[in-house]
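Chemist: Need the 3D shape of this:
(chains A, B, C and D)
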There are 4 protein chains.
Amino acid sequence: MNSYGNLFKVTLYGESHQSAIGVVIDGVLPGLKIDEDKIKDDLLKRKPGAIGTTTRLEKDAFKITSGVFNGYTTGSPVHITIENHDVRSKDYSSLKKHPRPGHADFVAYKKYGGFNDYRGGGRFSGRLTAALVCAGSIAKQMLPFKLNHELIQVGSLKDMSKMDEYLDQIAKENDSVGGIIKLSTEPLPIGLGEPNFNKLDGEIAKMLFSVPAVKGVEIGTGFSGIELKGSNFNDAIVDDTGKTKTNHSGGVSGGISNGNPLEIKVMVKPTSSIKKTQQTYHTDSKNVQDLTIKGRHDVCIARRVGIVLENMLAIVLADLWLLDRAKKPFSKT
Amino acid sequence: MNSYGNLFKVTLYGESHQSAIGVVIDGVLPGLKIDEDKIKDDLLKRKPGAIGTTTRLEKDAFKITSGVFNGYTTGSPVHITIENHDVRSKDYSSLKKHPRPGHADFVAYKKYGGFNDYRGGGRFSGRLTAALVCAGSIAKQMLPFKLNHELIQVGSLKDMSKMDEYLDQIAKENDSVGGIIKLSTEPLPIGLGEPNFNKLDGEIAKMLFSVPAVKGVEIGTGFSGIELKGSNFNDAIVDDTGKTKTNHSGGVSGGISNGNPLEIKVMVKPTSSIKKTQQTYHTDSKNVQDLTIKGRHDVCIARRVGIVLENMLAIVLADLWLLDRAKKPFSKT
Amino acid sequence: MNSYGNLFKVTLYGESHQSAIGVVIDGVLPGLKIDEDKIKDDLLKRKPGAIGTTTRLEKDAFKITSGVFNGYTTGSPVHITIENHDVRSKDYSSLKKHPRPGHADFVAYKKYGGFNDYRGGGRFSGRLTAALVCAGSIAKQMLPFKLNHELIQVGSLKDMSKMDEYLDQIAKENDSVGGIIKLSTEPLPIGLGEPNFNKLDGEIAKMLFSVPAVKGVEIGTGFSGIELKGSNFNDAIVDDTGKTKTNHSGGVSGGISNGNPLEIKVMVKPTSSIKKTQQTYHTDSKNVQDLTIKGRHDVCIARRVGIVLENMLAIVLADLWLLDRAKKPFSKT
Amino acid sequence: MNSYGNLFKVTLYGESHQSAIGVVIDGVLPGLKIDEDKIKDDLLKRKPGAIGTTTRLEKDAFKITSGVFNGYTTGSPVHITIENHDVRSKDYSSLKKHPRPGHADFVAYKKYGGFNDYRGGGRFSGRLTAALVCAGSIAKQMLPFKLNHELIQVGSLKDMSKMDEYLDQIAKENDSVGGIIKLSTEPLPIGLGEPNFNKLDGEIAKMLFSVPAVKGVEIGTGFSGIELKGSNFNDAIVDDTGKTKTNHSGGVSGGISNGNPLEIKVMVKPTSSIKKTQQTYHTDSKNVQDLTIKGRHDVCIARRVGIVLENMLAIVLADLWLLDRAKKPFSKT
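Modeler: Numbering: from 1, shown residues only, chains lettered A, B, ... in the order given. The predicted model follows:
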């Protein structure tokens, strides 16, 4: 249940405050030159530091211990591990009995019979996305098209030039805000995705919801296109590459890439951990009572999550791209 | 690639104009009494007939050929088949070279090297959802909580009492509209879903995107909650069942059911097949030219798709519910 | 749990005395010409009639209801169904409480809480292999090399020219015997199989054990090579195609096809249902008591099972052959 | 392709001469007390040192970096890593062009386009089984019944008390021998295994073939029971626990555990790497020529592989045991 993919398969392990997190990437084609600097660059994009982001500063020094030889992939699983260092576990001990609203504390306690490692959110921590960023970075090195992400809204703010000022204000309120990230790609080859259950958009949605705090995914115009009629919504094809005049469908027809750029929007909720005191249930007192959260948290996780979403998208595309190689029509040879 | 699920596994086959469609449902627990009338009722909800729906009238007489004995499931896979009868295949032959905008005609042709059965949309037809409705209906008979769906918007119309009039007008315009469907459940048991890659919301999103025409999925407030701050968004827990004061998170925390009702919204695009003439590429002439679509189509598929979405949700929940049985904490017995 | 394969995926349903059995074959490449006569021929090889085989005579008329259009596969799942006709269900009712030795009657009753369809062995019946023969026959039409099977031993008899006489004698004793079947192929392309968990020999063994009555599988010399030393066992490579001087390894090195013919031996136990009276436990009397089995049964199922094993092997090879297409080393194009 | 299991899922990574090998174990129930000494004991059983075993001495110090907290499993994946230390990579460089008979050198080169890490056998090395031993050891701590292994034949020797003397002689001949290992268990609960494709015996066979050098697997009497007639082969049930008078079927009926002890025999071929000079193909000279293998190798790997096989069996049983929890018959509660 901690693996994703059929041919490009990612298996994730780790908990926020244990000794290491890591990922096994199975299915990377042999003979791919691995550029470790690209992985570092992607990890830097996820790093905190900007206004509105946490002060937990992990070195994020990843190590490849398997699957790369002389700079090229060998065809064996690539294993990447990242050690956990800047850990302050005592911050979290009280949360076991006074679960934070909006967090998984309560459900984790119930689901795992109290045996879960609750420190730092344990398995539910955004910390694990560092390993996924590495996996996605390798996926991007294999794919023949580019991916992008862009933060287009933060709370009620749509003018991104004013973000620092806006988040500064939210921080002063001891509060947090969510955001909307737009993902896009260069035009994909036609044919990625399978018509039932493994549709391109379905796999993308599943994967993006795997990122903590995601609460909505739409392909193309999505919900905001609800008032369009069919005659406006339909994307007319204009040439033999499948290029369409508009791209309301976001590059996906019938669950399959149609030769146009992917366009996806993702809604990320406000960070659950806020400094403002909240009223919520305590399992000992059996009453609702004041909770003040300590520890270091992002005011706006949406500011850092873009590269995670982009790289998760890359993992999905790598898997379907390999699948497409396997499924080319039959020919006698 | 035509299967969904780990423990409650659904495998779908069929094409719109071949002799039959069907579904193999693997993992139905032995000893479940099957009420065929409930399956019939669900199929009726999907049936056309109302204003804004197609005139293709299939009998939808399903037949269970395996896995049920003396009225109870045996533990073997349940196979349900539905024959195709009201088929007018000649309507579609011209579309092979003049693919419909918004449809999968073009990508199917490219992906399958021209070998796809293009009649009636083939494998991409909404017709296949009849089999999925049956599978979901059986899932619902196994689950200890109820599911619902509700159409809350059609095109620009939010007052559902005026739907007939509104769709009548769209039909006269030879056009189509989309809709938004809200899915909900009774409170789920805490613990359904797995924290990485098999999150409850991720699986739901994947599955709902498997339904033709779905272009957006959000859990809880979703995109419309973007302006809420954390202090408002967070759902405060009020008692030991995990009940929360608000339900902005839609019943899911950290990808796991939190004891509250699920709340999901799904955006369904306008039906692609419209009577209005459209301008789109023709593969013979190599030019954009007029396309007038014949055949029988829905003006607003959103009117019929609710039960499909509800039952797809049931399939996801059945799978995670069985998984939860397997994963209860260890005890020495 | 009723599916096999990653890319060429077979899903089986049916029980011996219900209305139909069938198989969904997902992953057949689009554009493959289907020769239905070859499927018929394979089904005939499985048919009873010879000395030592049952008198239950099913027509085995299979029907393809999906995935083939104008004689070619469409890329959609191929669904094949076979109706059950020559059914005598009353023969079996007493066996529910007096389970047959060597059969699954007892474990099925326990596992499924008494809800299993016990008639004719239900889901455990060899009847289901008819559907698998069809699936394997299609796999063979896709593969670029040929497969064979050969019965090399029946009970204590190794001279197959005397089989009729020998089995006649066993039948007169109201007893049954097992057999050993040898499977082989033309030289495979190098590279089928994955080094951990999806080894070529491991997948083959798993699949062959899926056939009722199989109790042993060996690749190459197997158990009978136990006295060979390494210097004799090792197969020296003689040219650049990987051809080896001997084939003790049966065509598999490190779990991967090595360019030589596959050679596999399968041990099939004696048919469990014998006419001779047996002493076994009765669940009502709570005592061991006489059991006399009625119904029509094979004296030597090994005589019919060869084509089943051959076609099961074809399913494994089709899956790994598709996987090999996906996994060719990386190249920039 | 480097993962095994549905609910108890093991993902393996590593190559013989890279920095580490490891395993991710997904599905260990939360709340299981982990006894690390038991893992150490199992690793010691695999250790070389006895006559006939290699002189490569790895410390095999494993480290658990995830999934265990305060001595109990958390419900998150358990990650175990083992560093590689005693590595002499230069021994292997010449083998790239002069592949060893009986080894995967040649097929690995071809399959991975020359990019494989050939040092020490790379991914095909028996070294990786150390990680699997750890995984199996944890599986055994979860299972409510015991497992055993026993070496019953080495080359032509059946009297195990004379093994040292016998292997000493083989070593002097610069040769190697195989062996037969018998695996057994305490009586299993009835019901483990699924009738089609995931049969208990099929899964066991697949898994045991995953261990390098295994060339044959039989359940119960297997090949040596070929001359038994049905009246002798059939195991008569004697009481309500399913206990049988004989156990020719090895504890498996219809692919499902029948309440009796499992009995399995595994044939392990002679170690491929021998000191004796062999004649085999050289890819540069394009001729068959003398090959003398350096490095440190086992004369009889069968002497060390028993614990690997036992623990692989435990992994299979853990997976099916969890599956059985999920699949108990339906009841309204």
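Chemist: Going by C-alpha atoms from here, please, whenever you check contacts or count neighbours.
Modeler: Noted.
Chemist: Do a quick rundown of the helices in the stretch 151-300 of chain A.
Modeler: Using DSSP state H, counting those that start in this stretch, the helices of the stretch 151-300 of chain A run over residues A:163-172, A:200-209, A:230-233.
Chemist: Which of these sits closest to residue C:313?
Modeler: With respect to residue C:313, and counting by Cα to Cα, the nearest of the helices of the stretch 151-300 of chain A is helix A:200-209 at 31.6 Å.
Chemist: Can you tell me what sits against that closest one?
Modeler: Helix A:200-209 has contacts (Cα atoms under 8 Å, 6 or more residues apart in numbering or on different chains) with A:192-194, A:214-219, A:252, A:255-257, A:266, A:309, A:312-313, A:316, A:320, B:197-199, B:201-210, B:255.
Chemist: try it again with 7 Å
Modeler: A:192-194, A:215, A:217, A:219, A:252, A:255-257, A:309, A:312-313, A:316, B:197, B:201-203, B:205-207, B:209-210 (Cα atoms under 7 Å, 6 or more residues apart in numbering or on different chains).
Chemist: Next, the angle helix B:200-209 makes with that helix.
Modeler: Between helix A:200-209 and helix B:200-209, the angle comes out at 170 degrees (axes from the mean of the first three to the mean of the last three Cα atoms, to 10 degrees).
Chemist: for residue A:302, what are its contacts?
Modeler: A:178-179, A:268.
Chemist: could I get the helices of the stretch 151-300 of chain A as TSV with mean neighbour count?
Modeler: TSV is the format used below for the helices of the stretch 151-300 of chain A (neighbours: other Cα atoms under 10 Å in any protein chain shown):
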stretch	mean neighbour count
helix A:163-172	16
helix A:200-209	29
helix A:230-233	23
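Chemist: Generate a markdown table for these, with mean pLDDT and distance to residue C:168 as supplementary columns.
Modeler: Output for these, formatted as a markdown table (pLDDT from 0 to 100; distance: least, Cα to Cα, whole Å):
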| stretch | mean pLDDT | distance to residue C:168 |
| --- | --- | --- |
| helix A:163-172 | 96 | 89 |
| helix A:200-209 | 98 | 59 |
| helix A:230-233 | 97 | 73 |
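Chemist: Columns distance to residue B:135 on top of those, output as TSV?
Modeler: Shown next, in TSV, are the helices of the stretch 151-300 of chain A (distance: least, Cα to Cα, whole Å):
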stretch	distance to residue B:135
helix A:163-172	48
helix A:200-209	19
helix A:230-233	30
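Chemist: Out of those helices, the one nearest residue A:78 is which?
Modeler: Residue A:78 lies closest, by Cα to Cα, to one member of the helices of the stretch 151-300 of chain A: helix A:200-209, at 20.1 Å.
Chemist: before we move on, back to that, please flag which of the contacts of residue A:302 sit within strands.
Modeler: A:179, A:268 (DSSP state E).
Chemist: Now which of the contacts of residue A:302 would you call buried?
Modeler: With neighbours counted by 16 or more other Cα atoms under 10 Å in any protein chain shown, the contacts of residue A:302 contain buried members at A:178-179, A:268.
Chemist: possible to save these as TSV with pLDDT?
Modeler: Listed next are the buried ones among the contacts of residue A:302 as TSV, based on pLDDT from 0 to 100:
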residue	pLDDT
A:178	97
A:179	97
A:268	97
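Chemist: so, if you compare these, which one comes nearest to chain C?
Modeler: Taking Cα to the nearest Cα as the measure, chain C lies nearest residue A:268 of the buried ones among the contacts of residue A:302, at 33.8 Å.
Chemist: wouldn't the closest one be in contact with residue A:212 here?
Modeler: No. Residue A:268 is beyond contact range of residue A:212, at 8.4 Å (criterion: Cα atoms under 7 Å).
Chemist: Residue A:180 reaches residue A:269, doesn't it?
Modeler: No. Between residue A:180 and residue A:269 there is no contact under Cα under 7 Å: 8.8 Å.
Chemist: more crowded one of those two?
Modeler: Higher neighbour count among residue A:180 and residue A:269: residue A:269, with 35 against 25, using other Cα atoms under 10 Å in any protein chain shown.
Chemist: who's in contact with that one?
Modeler: Per Cα under 7 Å, 6+ apart, neighbours of residue A:269: A:178-179, A:213-215, B:226.
Chemist: any weak-confidence spans in chain A?
Modeler: A:56-58, A:88-91, A:333 (pLDDT under 70).
Chemist: which parts of it sit against chain C?
Modeler: Proximity of chain A to chain C (Cα under 7 Å from any Cα of the partner chain) is limited to residues A:29-32, A:322-323, A:325-327, A:329-330.
Chemist: Just give me the closest of those residues to residue C:119.
Modeler: Of the residues of chain A next to chain C, the one sitting nearest to residue C:119 (Cα to Cα) turns out to be residue A:327, at 40.1 Å.
Chemist: Kindly list the longest helix within chain A.
Modeler: Among the segments of chain A that qualify as a helix by DSSP state H, the longest is helix A:302-326.
Chemist: quick one: that one to helix A:200-209, angle?
Modeler: Using the same axes, to 10 degrees: helix A:302-326 against helix A:200-209 is 140 degrees.
Chemist: Skipping its backbone neighbours, what lies nearest residue A:231 in space?
Modeler: Among residues not flanking residue A:231 along the chain, residue B:175 sits closest, at 6.2 Å (Cα to Cα, 6 or more residues apart in numbering or on different chains).
Chemist: any idea how far residue B:79 is from that neighbour?
Modeler: With distances taken as Cα to Cα, to the nearest Å, residue B:175 is found 38 Å from residue B:79.
Chemist: can you check residue A:59 too?
Modeler: As for residue A:59, its distance to residue B:79 is 54 Å (criterion: Cα to Cα).
Chemist: More neighbours: which of these two?
Modeler: Taking neighbours as other Cα under 10 Å, residue A:59 and residue B:79 compare with residue B:79 leading, 25 against 14.
Chemist: Give me the phi and psi angles of the more buried one.
Modeler: As for residue B:79, its main-chain torsions (degrees, to the nearest 10) stand at phi -110, psi 130.
Chemist: neighbours of the residue in chain A that chain C sits nearest to, just the number please.
Modeler: Of all residues in chain A, residue A:326 sits closest to chain C, with a separation of 4.3 Å (Cα to the nearest Cα). Using other Cα under 10 Å, residue A:326 has 21 other residues around it.
Chemist: swap in residue A:332?
Modeler: By other Cα under 10 Å, 7 other residues sit near residue A:332.
Chemist: where's the nearest residue to it once chain neighbours are set aside relative to residue C:308, distance?
Modeler: Excluding the flanking residues, the one nearest residue A:332 by Cα to Cα, 6+ apart is residue C:144, at 7.8 Å. As judged by Cα to Cα, residue C:144 and residue C:308 stand 20 Å apart.
Chemist: Same drill for the two, tell me which one is more crowded.
Modeler: The residue with more neighbours, out of residue C:144 and residue C:308, is residue C:308; 26 against 13, by other Cα under 10 Å.
Chemist: So which residues make contact with stretch A:115-131?
Modeler: A:14-17, A:21-23, A:43, A:89, A:92-93, A:96, A:104, A:108-109, A:212, A:308, B:195, B:254, D:30-31, D:69, D:73-76.
Chemist: Could you do stretch A:305-312 as well?
Modeler: Stretch A:305-312 has contacts (Cα under 7 Å, 6+ apart) with A:42, A:45-46, A:129, A:133, A:136-137, A:147-151, A:181, A:183, A:207-208.
Chemist: buried subset of these?
Modeler: Buried members of the contacts of stretch A:305-312, counted by 16+ other Cα under 10 Å: A:42, A:46, A:129, A:133, A:136-137, A:147-149, A:151, A:181, A:183, A:207-208.
Chemist: Export the residues you listed as CSV, with columns for distance to residue B:236.
Modeler: Shown next, in CSV, are these (distance: Cα to Cα, whole Å):
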residue, distance to residue B:236
A:42, 35
A:46, 29
A:129, 26
A:133, 32
A:136, 35
A:137, 37
A:147, 38
A:148, 36
A:149, 32
A:151, 28
A:181, 27
A:183, 32
A:207, 27
A:208, 25
